[in-house]
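**Q** Got a sequence here, can you model it:
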Amino acid sequence: MEIRVWKTRALLIFVLSLCVAVAFALFPQTPELQQIDASVLPAVPVSYEETVVPAPEAPQQQKPQKVDNSSQESRVANATTATRYKPRYQIAWAHPLNYGDRFATDIYGKPVYNQPIIVLHETVYSAASAINTFRTPHQQDDKQVSYHTLIGLDGTVIYIVPPEKRAFGAANSVFIGSNGAETVKTHPNLASSVNNFAYHVSLETPVDGRDRDRRHSGYTQAQYKSLAWLIAQSKVPDARITTHKAVDRSGSRSDPRSFDRRKFLSLLHAYRGISRKS
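**A** Predicted structure coming up:
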């Protein structure tokens, strides 16, 4: 008799556990909100009032200049540039539907502890077109999109989403680093992504690259300097600075095309070297 009662209880416990598992699968939990340490990421200047960003005029295209970043002269020049350079910047907040909160748990209630990464993008079309898209309300979840920051061809830094918020810059994505594969599912109907721990920065595409070709003439020197200046304000290490192409799992993203990572890192290290000495 006791054995029969024990078996009955064990069966009930198994059935209840199965029901709980099915319920979690069919009805995911709402993730808990997370307040991240915004000092790890580039900050938005608080002294500047919001400005409506006008459509920028297309600058005259210049032939890319080859820079030997391995030379001592180049490193000295980069360091000198870093001491003097400070980009123009504007604020053009995205519509609230196009970004969201960062979460401390995924949709199944599992805690997430990912350190921030920086993901580099390009607009493909003009900066004005991208800003218009981000400021347009999109009711459908799979149509919502944004970056945290955009850098125009003239080097202007345009802040779009506050760093403590989750920009929708890389759907269906994963970051492969020293901790293995990192991705977080925060929406029951969308693929997991890096958005919960990513800071998204996009470079405005040059006029000759506003198509789907594999390469274009490249980004301006002002863009490289502004990008390095911006990321130097963060504490994100080189190994966690990546690209949309690298984190994309759909196989459809190739941005930022024609990106010179060596030039970018040379400038970034110059800025950060000066910051450490100051």
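
**Q** Every contact and neighbour count from this point should use C-alpha atoms.
**A** Fine.

**Q** got the residue ranges for the helices in this structure?
**A** 2-26, 72-84, 127-135, 221-232, 244-247, 261-277 (DSSP state H).

**Q** Can you pull the poorly scored residue ranges out of the chain?
**A** For the chain, the stretches flagged by pLDDT under 70 are 1-39, 46-83, 274-278.

**Q** ok, the residue nearest to the spatial centre of it - contacts?
**A** Among the residues of the chain, the one closest to the centroid is residue 200, at 2.0 Å (C-alpha atoms, centre = their mean). Listed by C-alpha atoms under 8 Å, 6 or more residues apart in numbering, the contact partners of residue 200 are 118-121, 147-149, 167, 169.

**Q** separation between it and residue 85?
**A** Note on residue 200: its distance to residue 85, by C-alpha to C-alpha, to the nearest Å, is 22 Å.

**Q** what does residue 209 give?
**A** 27 Å.

**Q** the more surrounded of the two?
**A** Using other C-alpha atoms under 10 Å as the criterion, residue 209 and residue 85 rank with residue 209 on top: 20 against 13.

**Q** My read is that that one contacts residue 219, right?
**A** No: judged on C-alpha atoms under 8 Å, residue 209 makes no contact with residue 219 at a distance of 10.0 Å.

**Q** what's the burial count for residue 210?
**A** Quick note: residue 210 (other C-alpha under 10 Å) scores 14 neighbours.

**Q** And for residue 257, nearest residue in space, chain neighbours not counted?
**A** residue 215 (5.6 Å; C-alpha to C-alpha, 6 or more residues apart in numbering).

**Q** contacts for stretch 147-163?
**A** 38, 41-44, 59, 87-94, 99, 127, 131, 146, 167-169, 199-206, 219-220, 222-227.

**Q** Tell me the buried residues within those.
**A** Among these, the ones that count as buried by 16 or more other C-alpha atoms under 10 Å are 41-44, 87, 89-94, 99, 127, 131, 146, 167-169, 199-206, 219-220, 222-227.
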